[in-house]
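Asker: please find the sequence and the predicted model below.
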Amino acid sequence: MSDNQSRSSAVQVDEFYELNVGTDVSNSDHYNEDIAPTKVSQRTWGTWNVAALWVGMAICVPTYTLGGVLTAYFGLSVSEALLTILVANIIVLIPLTLNAFPGTKYGIPFPVLLRSSFGIFGSNIPCLIRAMVACGWFGIQTLFGGIAIHILFSAILPGWESLGGTGEVIGFFIFLVMNLYIVIKGSESIKILETIAAPLLLAVSMGLMLWAWPQISITEILAAPANRPAEASFWGYFFGGLTAMVGFWATLSLNIPDFSRYVKSQKSQIVGQIVGLPATMFFFAALGVVLTAASTTLVGETISDPINLIGKIDSPFWVIIAMIMIIIATLSTNTAANIVSPTNDFQNMAPAKINQTRGVLITGAIGVLLMSWELFKKLGVIESDVSVEAMYTGWLLGYSSLLGPIAGIMIVDYFAVKDQRLNLAELYITDGEYAGINMAGMIAFAVPVALTIFSILTGSLSWFYQYGWFTGSILGAIIYFFIAKRPN
């Protein structure tokens, strides 16, 4: 075999790069076809597809409850909470669009991009952190989807409602299979799902808003006092809530290359994200606030969960329609936000042994394990007072403090250290430029994490943990820059 056939080469096609794969890459233990750079012919996502992706991901049960989370747990009024959600999603657009750039230019997924800043072996540490968070969210969203399936079946199948928690567990596993099947089918199936789901979800959301609007007084809702001491400063509570809301999409701000590798141009990924994310998050969170306020009039009690609220409507027809929409909404969120990334992350550990299908199945298995306590509770096997809402609320600050440094390191590595130039073939070669562990990345990640742990254990530097995503991303970025730029 000639040397030209054995050595891989990157070829520029307009603003993109493609990889002509030689045996040096194809025989590598760190390469398989599922995490290989996409070809230009595979980059079929336009601006609307990117916007639809975000509409599909943002319209979900956790988004609906964010207003309540900020008012109950972070001491903000409703108007302050909605403002916080809007500002947070404008801020999170910055790492989202910046980290999407290399994915679009080089066609590489998140874990392969991480190899530049952490090394091929070292990239597994941030990958696994990102993957486990996604598996947890996958379990939570699948639980919501299972409840919606149970309510749907209760409306159309006589006797199903009597199954109670058992019916919800059956729904959980039905919804689980639906999710895994779509992702195993590949990126085109996700694109089709999101493109179909987005207009349907927006239409139903508008319908729910119009349905609830006559039952409430917007003036009274916005005038409701904040749940914090009267003498307390607004800013401390605001920045705490802001950090948590940025943390809501801190995960996607890392693995956005998993999707941007399929986008037609940088303009499409930028405009699509700007159009799709902030307004949708603000509107659906506002819908949650309005419907929760209206629930007392509508069904006689205050309910902050849209699935259970709609389930109490005295009209089987509308319950069926609404549950189908919630199933579609949760499906579109779960597949894109919580399965694609861990699937790629698990492949990154051993690409020669774990392909996309196996990565999806591993994600599903871990998601089931993480939700096993809730499933056993529904089956009556165990008793527990821990709610799913309380669990994911605690995560918002906790995991944002872990993921912030990774985002800062990735951005500085690509734009300031590598000057937007990557050696595409070497990202897959065991003994190449990115081999082993990049200690600059590991140190820049370890220092903010150590400070966060110190803050939690001692109570000192509480501000560092409270504003974890901001402090972590800024400190990680600064440390990485100075270590990576130092003279050899």
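Answerer: Structure received.
Asker: ok, and for the lengthiest helix in the chain, which residues are buried?
Answerer: If you go by DSSP state H, the chain has its longest helix at helix 124-156. For helix 124-156, burial by neighbour count (16 or more other CB atoms under 10 Å) applies to 124-131, 133-155. Glycine gets a C-beta too; all of them are placed from N, C-alpha and C.
Asker: who's in contact with the helix or strand that it is followed by?
Answerer: On the C-terminal side of helix 124-156, the nearest following helix or strand under DSSP states H and E is helix 165-185. Residues outside helix 165-185 that contact it (CB atoms under 8 Å, 6 or more residues apart in numbering) are 138, 142-143, 145-150, 153-154, 160-161, 163, 189-190, 193, 327, 330-331, 334-335, 339-340, 343, 356-357, 360-361, 363-364, 367-368, 371, 375, 377-380.
Asker: same question for stretch 357-367.
Answerer: For stretch 357-367, contacts defined as CB under 8 Å, 6+ apart pick out 34, 131-132, 134-136, 138-139, 142, 176, 179-180, 183-184, 338-339, 342-347, 354.
Asker: repeat the analysis, applying 6 Å as the threshold.
Answerer: For stretch 357-367, contacts defined as CB atoms under 6 Å, 6 or more residues apart in numbering pick out 135, 138, 139, 176, 180, 183, 184, 339, 342, 343, 346, 347.
Asker: so the second one versus residue 64, what's the distance?
Answerer: Meaning residue 138. Distance of residue 138 to residue 64, computed by CB to CB, to the nearest Å: 18 Å.
Asker: and for the fourth one?
Answerer: Here residue 176 is placed at a distance of 21 Å from residue 64 (CB to CB).
Asker: these two: who's more crowded?
Answerer: Neighbour count, other CB atoms under 10 Å: between residue 176 and residue 64, residue 64 has more, with 27 against 22.
Asker: angles on the backbone of the residue nearest to that one when sequence neighbours are not counted, please.
Answerer: Leaving aside its chain neighbours, residue 64 sits nearest to residue 288 (3.7 Å; criterion: CB to CB, 6 or more residues apart in numbering). Here is the backbone geometry of residue 288 (degrees, to the nearest 10): phi -60, psi -40.
Asker: contact partners for residue 288?
Answerer: Shown in contact with residue 288 (CB under 6 Å, 6+ apart): 64, 65, 67.
Asker: follow-up on the earlier one: turn the contacts of stretch 357-367 into JSON lines, including pLDDT and distance to residue 207.
Answerer: Listed next are the contacts of stretch 357-367 as JSON lines, based on pLDDT from 0 to 100; distance: CB to CB, whole Å:
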{"residue": "135", "pLDDT": "89", "distance to residue 207": "33"}
{"residue": "138", "pLDDT": "90", "distance to residue 207": "28"}
{"residue": "139", "pLDDT": "89", "distance to residue 207": "30"}
{"residue": "176", "pLDDT": "96", "distance to residue 207": "28"}
{"residue": "180", "pLDDT": "94", "distance to residue 207": "30"}
{"residue": "183", "pLDDT": "91", "distance to residue 207": "29"}
{"residue": "184", "pLDDT": "92", "distance to residue 207": "33"}
{"residue": "339", "pLDDT": "91", "distance to residue 207": "29"}
{"residue": "342", "pLDDT": "93", "distance to residue 207": "34"}
{"residue": "343", "pLDDT": "94", "distance to residue 207": "34"}
{"residue": "346", "pLDDT": "96", "distance to residue 207": "39"}
{"residue": "347", "pLDDT": "95", "distance to residue 207": "40"}
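Asker: and the residues you listed as JSON lines, adding distance to residue 260?
Answerer: JSON lines is the format used below for the contacts of stretch 357-367 (distance: CB to CB, whole Å):
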{"residue": "135", "distance to residue 260": "22"}
{"residue": "138", "distance to residue 260": "21"}
{"residue": "139", "distance to residue 260": "26"}
{"residue": "176", "distance to residue 260": "27"}
{"residue": "180", "distance to residue 260": "23"}
{"residue": "183", "distance to residue 260": "17"}
{"residue": "184", "distance to residue 260": "21"}
{"residue": "339", "distance to residue 260": "17"}
{"residue": "342", "distance to residue 260": "18"}
{"residue": "343", "distance to residue 260": "16"}
{"residue": "346", "distance to residue 260": "20"}
{"residue": "347", "distance to residue 260": "18"}
